[in-house]
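> I would like to see how this sequence folds:
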Amino acid sequence: MLIRVEIPVDAPGIDQLLRSAFPSEAEADLVHQLREDGLLTLGVVATDDEGGVIGYVAFSPVDLEGEDRQWVGLAPVAVAEAYRRQGIAQALIYEGLDALNEFGYAAVVVLGDPAYYGRLGFQNAAAAQLHCRWPDTEQAFQVYPLADNVLESSSGLVEYSAPFNRF
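Residues are numbered from 1 along each chain as shown. Next comes the predicted model:
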(Lines give C-alpha, C1' and ligand atoms only; values in the text may rest on other atoms or scores of the structure.)
Protein backbone atom coordinates (compact mmCIF):
# COMPACT_ATOMS: atom_id res chain seq x y z
CA MET A 1 0.00 0.00 0.00
CA LEU A 2 1.13 3.50 -0.84
CA ILE A 3 -0.24 6.76 0.59
CA ARG A 4 0.38 9.86 -1.51
CA VAL A 5 -1.12 13.06 -2.87
CA GLU A 6 -3.66 12.36 -5.59
CA ILE A 7 -2.74 12.90 -9.23
CA PRO A 8 -5.13 13.40 -12.17
CA VAL A 9 -5.03 9.73 -13.21
CA ASP A 10 -6.53 8.84 -9.77
CA ALA A 11 -9.82 10.67 -10.42
CA PRO A 12 -11.76 7.70 -11.87
CA GLY A 13 -10.62 5.41 -9.03
CA ILE A 14 -11.53 8.03 -6.43
CA ASP A 15 -14.97 8.43 -8.00
CA GLN A 16 -15.52 4.65 -8.03
CA LEU A 17 -14.39 4.34 -4.39
CA LEU A 18 -16.70 7.13 -3.22
CA ARG A 19 -19.67 5.69 -5.11
CA SER A 20 -19.14 2.28 -3.50
CA ALA A 21 -18.27 3.51 0.01
CA PHE A 22 -21.36 5.65 0.63
CA PRO A 23 -25.08 4.91 0.37
CA SER A 24 -25.67 7.75 -2.10
CA GLU A 25 -23.62 9.38 -4.83
CA ALA A 26 -23.48 12.71 -2.96
CA GLU A 27 -19.86 12.37 -1.83
CA ALA A 28 -18.63 11.39 -5.29
CA ASP A 29 -20.60 14.27 -6.83
CA LEU A 30 -19.23 16.64 -4.18
CA VAL A 31 -15.60 15.75 -4.89
CA HIS A 32 -16.22 15.99 -8.63
CA GLN A 33 -17.72 19.47 -8.17
CA LEU A 34 -14.91 20.61 -5.86
CA ARG A 35 -12.37 19.43 -8.44
CA GLU A 36 -14.26 21.13 -11.29
CA ASP A 37 -14.51 24.41 -9.34
CA GLY A 38 -10.81 24.37 -8.36
CA LEU A 39 -11.75 24.01 -4.69
CA LEU A 40 -9.87 20.85 -3.87
CA THR A 41 -7.05 22.07 -1.65
CA LEU A 42 -5.59 18.61 -1.16
CA GLY A 43 -6.56 15.03 -1.94
CA VAL A 44 -4.68 12.08 -0.48
CA VAL A 45 -5.05 8.52 -1.77
CA ALA A 46 -4.11 5.08 -0.56
CA THR A 47 -3.39 2.69 -3.41
CA ASP A 48 -2.98 -1.07 -3.50
CA ASP A 49 -0.02 -2.85 -5.09
CA GLU A 50 -1.57 -2.51 -8.55
CA GLY A 51 -2.17 1.25 -8.13
CA GLY A 52 -5.91 0.97 -7.53
CA VAL A 53 -7.42 3.55 -5.18
CA ILE A 54 -8.46 1.91 -1.90
CA GLY A 55 -8.67 5.02 0.30
CA TYR A 56 -9.21 8.74 -0.09
CA VAL A 57 -9.49 11.94 1.91
CA ALA A 58 -10.25 15.42 0.56
CA PHE A 59 -9.56 18.84 2.03
CA SER A 60 -11.19 22.00 0.68
CA PRO A 61 -11.21 25.67 1.73
CA VAL A 62 -13.51 27.04 4.40
CA ASP A 63 -14.04 30.64 5.48
CA LEU A 64 -14.26 31.91 9.02
CA GLU A 65 -16.74 34.76 9.41
CA GLY A 66 -16.51 35.35 5.65
CA GLU A 67 -12.71 35.57 5.60
CA ASP A 68 -10.11 33.25 4.12
CA ARG A 69 -7.88 32.44 7.07
CA GLN A 70 -6.09 29.49 5.45
CA TRP A 71 -8.46 26.98 7.04
CA VAL A 72 -9.72 23.84 5.30
CA GLY A 73 -12.47 21.31 5.82
CA LEU A 74 -11.88 17.56 5.80
CA ALA A 75 -14.55 15.73 3.78
CA PRO A 76 -15.08 13.12 2.64
CA VAL A 77 -12.91 10.28 3.82
CA ALA A 78 -13.45 6.76 2.50
CA VAL A 79 -11.76 3.37 2.53
CA ALA A 80 -12.77 0.41 0.39
CA GLU A 81 -14.73 -2.13 2.42
CA ALA A 82 -12.12 -4.88 2.13
CA TYR A 83 -9.47 -2.58 3.63
CA ARG A 84 -11.40 -1.07 6.55
CA ARG A 85 -10.33 -1.36 10.19
CA GLN A 86 -6.64 -1.41 9.24
CA GLY A 87 -5.80 2.21 10.10
CA ILE A 88 -5.88 3.43 6.50
CA ALA A 89 -8.29 6.31 7.14
CA GLN A 90 -6.14 7.48 10.04
CA ALA A 91 -3.00 7.28 7.91
CA LEU A 92 -4.69 9.26 5.13
CA ILE A 93 -5.84 11.95 7.54
CA TYR A 94 -2.43 12.25 9.21
CA GLU A 95 -0.72 12.48 5.82
CA GLY A 96 -3.11 15.27 4.88
CA LEU A 97 -2.61 17.11 8.16
CA ASP A 98 1.17 16.90 7.77
CA ALA A 99 1.04 18.23 4.21
CA LEU A 100 -1.33 21.05 5.13
CA ASN A 101 0.93 22.01 8.02
CA GLU A 102 3.92 22.15 5.66
CA PHE A 103 1.89 24.30 3.23
CA GLY A 104 1.18 26.81 6.03
CA TYR A 105 -2.52 26.17 6.61
CA ALA A 106 -3.82 27.29 10.01
CA ALA A 107 -6.56 24.80 10.93
CA VAL A 108 -8.72 21.93 9.73
CA VAL A 109 -12.39 21.42 10.56
CA VAL A 110 -14.46 18.27 10.24
CA LEU A 111 -18.04 17.22 10.80
CA GLY A 112 -17.77 13.66 12.06
CA ASP A 113 -17.73 11.18 14.92
CA PRO A 114 -16.25 12.97 17.96
CA ALA A 115 -14.83 9.75 19.42
CA TYR A 116 -12.97 8.88 16.22
CA TYR A 117 -11.68 12.34 15.36
CA GLY A 118 -10.91 13.08 19.02
CA ARG A 119 -8.43 10.19 18.97
CA LEU A 120 -6.73 11.92 16.04
CA GLY A 121 -6.33 15.19 17.93
CA PHE A 122 -9.42 17.09 16.82
CA GLN A 123 -11.18 19.22 19.45
CA ASN A 124 -14.79 20.23 19.87
CA ALA A 125 -15.22 23.39 17.78
CA ALA A 126 -18.01 24.79 19.97
CA ALA A 127 -15.57 24.93 22.88
CA ALA A 128 -13.52 27.30 20.71
CA GLN A 129 -16.64 29.38 19.88
CA LEU A 130 -16.82 27.97 16.34
CA HIS A 131 -19.90 26.64 14.59
CA CYS A 132 -21.12 25.65 11.13
CA ARG A 133 -24.40 26.27 9.33
CA TRP A 134 -25.92 22.84 9.90
CA PRO A 135 -28.18 22.53 12.96
CA ASP A 136 -27.57 20.07 15.79
CA THR A 137 -23.90 19.55 14.93
CA GLU A 138 -22.30 20.99 18.08
CA GLN A 139 -20.77 17.66 19.12
CA ALA A 140 -19.78 16.51 15.63
CA PHE A 141 -18.19 19.76 14.46
CA GLN A 142 -14.50 19.67 15.39
CA VAL A 143 -11.30 21.56 14.73
CA TYR A 144 -7.63 20.63 14.49
CA PRO A 145 -5.28 23.60 14.92
CA LEU A 146 -2.20 23.49 12.73
CA ALA A 147 -0.79 26.87 13.77
CA ASP A 148 0.06 27.92 17.31
CA ASN A 149 -2.62 29.94 19.09
CA VAL A 150 -4.90 29.95 16.02
CA LEU A 151 -7.97 29.20 18.13
CA GLU A 152 -7.31 32.07 20.53
CA SER A 153 -8.05 34.64 17.82
CA SER A 154 -10.78 32.73 15.99
CA SER A 155 -14.50 32.41 16.60
CA GLY A 156 -17.76 32.46 14.70
CA LEU A 157 -19.27 30.80 11.65
CA VAL A 158 -17.13 28.42 9.61
CA GLU A 159 -18.52 28.22 6.08
CA TYR A 160 -17.73 25.41 3.68
CA SER A 161 -17.48 26.20 -0.04
CA ALA A 162 -20.64 26.37 -2.16
CA PRO A 163 -20.57 22.75 -3.44
CA PHE A 164 -21.28 21.53 0.11
CA ASN A 165 -24.61 23.33 0.01
CA ARG A 166 -25.74 21.51 -3.16
CA PHE A 167 -25.72 17.98 -1.79
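> residue closest to the middle of the chain?
L74 (1.5 Å; C-alpha atoms, centre = their mean).
> before we move on, which element is the residue nearest to Y83 when sequence neighbours are not counted in?
Closest residue to Y83 apart from its sequence neighbours, by C-beta to C-beta, 6 or more residues apart in numbering: I54 at 4.9 Å. For every residue, glycine as well, the C-beta is placed using N, CA and C. Using DSSP states H and E, I54 sits within strand 53-64.
> Pull out the buried positions in the helix or strand just after that strand.
Of the helices and strands lying after strand 53-64 in sequence (DSSP H and E), the nearest is strand 67-79. Under the neighbour-count criterion of 16 or more other C-beta atoms under 10 Å, strand 67-79 has R69, Q70, W71, V72, G73, L74, A75, P76, V77, A78, V79 buried.
> Skip the chain neighbours and tell me the closest residue to the second one.
It stands for Q70. A106 (4.6 Å).
> Distance of that neighbour relative to S153?
10 Å (C-beta to C-beta, to the nearest Å).
> Over to V57?
According to C-beta to C-beta, V57 and S153 sit 27 Å apart.
> Kindly list the main-chain dihedrals of the residue nearest to Q70?
Taking degrees, to the nearest 10, you get phi -90, psi -40 for the backbone angles of A106.
> between the longest helix seen in the chain and strand 53-64, how many degrees?
When the chain is parsed with DSSP state H, its longest helix is helix 88-102. Between the axes of helix 88-102 and strand 53-64, defined by axes from the mean of the first three to the mean of the last three C-alpha atoms, to 10 degrees, the angle is 40 degrees.
> Please compute how far helix 88-102 lies from its chain's middle.
Chain-centre distance of helix 88-102: 10 Å, with C-alpha atoms, centre = their mean, to the nearest Å.
> quick check: angle from it to strand 67-79?
160 degrees.
> most distant residue from the middle of the protein?
Distance-from-mean max, the chain, by C-alpha atoms, centre = their mean: E50 at 25.2 Å.
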